[in-house]
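Trainee: Provided below are the primary sequence and the corresponding predicted coordinates.
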Protein chains: 2
Amino acid sequence: MIKNILKPQTLKGFRDFLPTEKRKRDLVAQKVKEIFELFGYEPLETPTLEYASLLLGKYGKEADKLLYRFRDSGGREVALRYDQTVPTARVLAQYQSALPKFFKRYQIQNVYRADKPQRGRFREFTQCDIDIFNSTSPIADAEIVATTYFAFQNVGYPKIKILINDRQTLFRYLEPFTNSNLNIFSLIQSIDKLEKIGNQRVIEELIKKGLDESQAQMAINSITEATLSKNLAEIIKTTILLGVPKRDIIFSSSLARGLDYYTGMIFEVVLPGYAAGSCGGGGRYDKLIEQLGGDPTPAVGIAFGFDRMVEAAEYFKIISQETRGTQALVTVFDQITLKNSLKLTSELRKNKIKTEVSPTIEKLDKQLKYADKKGIQFVVIIGPEEVKKNVLKLKNMKTGEQKELSESELIKFLISNYSN
Amino acid sequence: MIKNILKPQTLKGFRDFLPTEKRKRDLVAQKVKEIFELFGYEPLETPTLEYASLLLGKYGKEADKLLYRFRDSGGREVALRYDQTVPTARVLAQYQSALPKFFKRYQIQNVYRADKPQRGRFREFTQCDIDIFNSTSPIADAEIVATTYFAFQNVGYPKIKILINDRQTLFRYLEPFTNSNLNIFSLIQSIDKLEKIGNQRVIEELIKKGLDESQAQMAINSITEATLSKNLAEIIKTTILLGVPKRDIIFSSSLARGLDYYTGMIFEVVLPGYAAGSCGGGGRYDKLIEQLGGDPTPAVGIAFGFDRMVEAAEYFKIISQETRGTQALVTVFDQITLKNSLKLTSELRKNKIKTEVSPTIEKLDKQLKYADKKGIQFVVIIGPEEVKKNVLKLKNMKTGEQKELSESELIKFLISNYSN
């Protein structure tokens, strides 16, 4: 073992998740997984490293620069996972005969992008995707939207709104405004900003892109007045039949979503009251898998904005209770009463109470301080006196209150006070 | 988007986990996590990439060659996580004041080693560690052993045995047999093989290492006849008070564990009936964190053999029931009865029954085939006739049986048949 001074720092754009933060993230992941499985999605995990050739050129030229790419010791060009869609496209091609015809999968893994770090943008972050492959039916679109809604509901956000639109409508209404310099995707990208930056600035942007002012205004009017397509009406109806409240699905004719590859329904999740923006979005992308080199594979899915979901859960204070760690610390007075402390610890754990026993014998003061630092609310004190009287002393670290209880009273109390 | 033929292959030593396998892994992880939290351990996550300087020289010269190491686009030398101990040592140094005095953490993340792949050895694999930092008390040793035992029990293995020993005993009994050519660690490494390769071959090995035959035999006798140290006796007593059955902790005076850094108690988990070997091991390592460049930090912990645990769980057939995916497929007959199918799907899900609705409208035959391929046991058929009679047809895909039920009968049946 060569000695080496430990440099206590993480790389820029990379994060440690200490217990309090990690617990919140695990809980959000757990809550969405529950719904994914209830709705029939199956879990998938792919490797962190892939052949670089699999990823190169799949995300556009700009993205190629953001790949973490290197030559391994065997001389292979390899790259770190950049998203979950391309590896899934590989899985679809590689295990075709082993997979069910309609592959419904969820995937929650980290991805890596050598991007400029900034607020809310990291070089390693968690992606959380669900997709249904090989169905062109509106049932699949509706299933994705409904799953999304109930996943957010299961985390516990107070209000959830789904904004929804149809790319085909955008194509049809905006086609007349394209020209040899302004293609449909560029036009859509500007229209997508209507909600964020307002009419006037979108017009300015469209003028820069080559429309005259009246054309720009007409393009916007045309989209604003667009009506529900037959396809989208059917998807919305189906989503409502799957249990999503009608008032929470909102047709938004100017919703466009940034990515080029959507071909049909598109949607976004908004949490009213949380201002940071959309917490997830997706839609139908029937051509992408083929463009990536796979077989023609219709697909519909959503990418959850995992970091934002965790931030929003914190903002709405909806996970603070459930993410509490250890509930009780059992103190150890001395070598003689140690066995009483240990037996009690074992008993509390049998009753599913998250319990720690002091990992050393030291002054009570110090044990209380440890509980406080770790955020443990209840400390159970057993000294020679308590052993003699066959009672326990319970100290509430939040209120300072202290009372004597029998073992069964203590267990009852801790079970019933877990969510207080 | 540049078109590129998809090369459907993973890198050697890397694995995809398709749903059936992934579900098993998730379940084992979930079961051990439940116990870790019940016992007061807190979750930690560290980045996949670290400064290479943090990892280089920390695992020995041979290991340096196994690091996945490269220069990122900003010119930094970086490396993929090789284990969880060094990053945790960094966390201890970096967040000292934010962490409780006794840091009890669990960590379940993937690590990367450019090792020669072979059966059971991969280049990306899951490590699952628990450790208690900063306590020298036998209470901490006992907590680690007890947590380990109950974690295995919670996964459901039929029998669990803990082999336990004390490095100090090995040091004391073997010291007289060391010489300038044969150090204590080399001696310990040979002794560790007694169970596996037997007396005769260990003697041969020790002769090669420079002992004569009688010395070799005496060293072995000396270890075989070694008795429990006072320290180990106390740890075992404490572990039993924490609820571990006495019969399942076995003092094994020849247990040595390969790694050099252990300083006190060492232990291993064995699942009788599962022959592949130990499913986890650990011990006390009071000097390692300091050797890695951190502050002096006594520590005790265990590394669970995650892949073996999953394999053993399969071997004992203890997780097949719980890892089942979707329980019921609701078929869709046509556009008219679609709403009945959707409402029923929604109702089943409200009752926590993992349910899928056919993602498209097609012939019943094909829908049954889909259920079969996906391993869904129950198919609920709703056609115009069933709608008229207000019943449902339930088909058991395993037995071929078919019967008519009301909606409430169906729900009752599916709930009570979930673990059959």
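Mentor: On my side now, so go ahead. The structure presented is a predicted model; accordingly, all values stated were derived computationally and were not measured.

Trainee: residue B:40 versus residue A:356, what's the distance?
Mentor: In this structure, residue A:356 lies at 3 Å from residue B:40, with CB to CB, to the nearest Å as the measure. The way it works is simple: take the backbone N, C-alpha and C, and place the C-beta from them, glycine included.

Trainee: typo on my end, residue A:43
Mentor: Computed with CB to CB, the distance linking residue A:43 and residue B:40 is 28 Å.

Trainee: now residue A:399
Mentor: Applying CB to CB, the value for residue A:399 to residue B:40 is 22 Å.

Trainee: out of those two, which sits in the busier spot?
Mentor: Regarding residue A:399 and residue B:40, a neighbour count based on other CB atoms under 10 Å in any protein chain shown identifies residue B:40 as having more, with 26 against 8.

Trainee: assess the claim that the more buried one and residue A:330 are in contact.
Mentor: No - when contacts are counted by CB atoms under 8 Å, residue B:40 is not listed as touching residue A:330 (9.9 Å).

Trainee: any residues in contact with both of those two?
Mentor: The overlap between the contact sets of residue B:40 and residue A:330 (CB atoms under 8 Å, 6 or more residues apart in numbering or on different chains) consists of A:355-356.

Trainee: what touches both of residue A:356 and residue B:40?
Mentor: A shared contact of residue A:356 and residue B:40, defined by CB under 8 Å, 6+ apart, is any residue touching both; here these are A:326, A:329, B:104.

Trainee: mind putting those residues into a markdown table with neighbour count?
Mentor: Below are the shared contacts of residue A:356 and residue B:40 laid out as a markdown table (neighbours: other CB atoms under 10 Å in any protein chain shown):
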| residue | neighbour count |
| --- | --- |
| A:326 | 23 |
| A:329 | 27 |
| B:104 | 27 |
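
Trainee: from these, which is closest to residue A:137?
Mentor: The shortest separation between residue A:137 and any of the shared contacts of residue A:356 and residue B:40 is 48.5 Å, and it belongs to residue A:326 (by CB to CB).

Trainee: from residue B:338, how far off is the spatially closest residue to the closest one that is not a sequence neighbour?
Mentor: The spatially closest residue to residue A:326, leaving aside those adjacent along the chain, is residue B:40, at 4.2 Å (CB to CB, 6 or more residues apart in numbering or on different chains). Relative to residue B:338, residue B:40 is positioned 51 Å away (CB to CB).

Trainee: would you mind listing the buried residues in stretch A:156-173?
Mentor: Residues of stretch A:156-173 classed as buried by neighbour count (16 or more other CB atoms under 10 Å in any protein chain shown): A:157, A:160-170, A:173.

Trainee: give me the low-pLDDT residue ranges for chain A?
Mentor: Screening chain A residue by residue with the criterion pLDDT under 70, one finds the ranges A:1-7, A:320-323, A:419-420.

Trainee: how is it carved up into domains?
Mentor: Split into domains by automatic domain parsing, chain A comes to A:19-315, A:328-416.

Trainee: wait, what's in contact with the residue nearest the centre of chain A?
Mentor: Residue closest to the mean C-alpha point of chain A, counted by CA atoms, centre = their mean, is residue A:306 at 2.4 Å. Residue A:306 makes contacts with A:25, A:28-29, A:108, A:125-128, as judged by CB under 8 Å, 6+ apart.

Trainee: for residue A:175, what are its contacts?
Mentor: Applying CB under 8 Å, 6+ apart to residue A:175 gives the contacts residue A:184.

Trainee: how much space is there between it and chain B?
Mentor: 21 Å (CB to the nearest CB, to the nearest Å).

Trainee: residue A:64 too?
Mentor: When CB to the nearest CB is applied, the distance between residue A:64 and chain B equals 9 Å.

Trainee: surely that residue and residue A:57 touch.
Mentor: Yes - applying CB under 8 Å, one finds residue A:64 in contact with residue A:57, separated by 6.6 Å.

Trainee: ok, residue A:272 - how many residues close by?
Mentor: 10.

Trainee: gap between the two ends of stretch A:67-76?
Mentor: Here the two ends of stretch A:67-76 are set 15 Å apart, with distance taken as CA to CA, to the nearest Å.

Trainee: buried residues, that stretch. List them.
Mentor: A:67-70, A:72.

Trainee: also stretch A:293-310?
Mentor: Neighbour-count burial for stretch A:293-310 [16+ other CB under 10 Å]: A:293-294, A:297-310.
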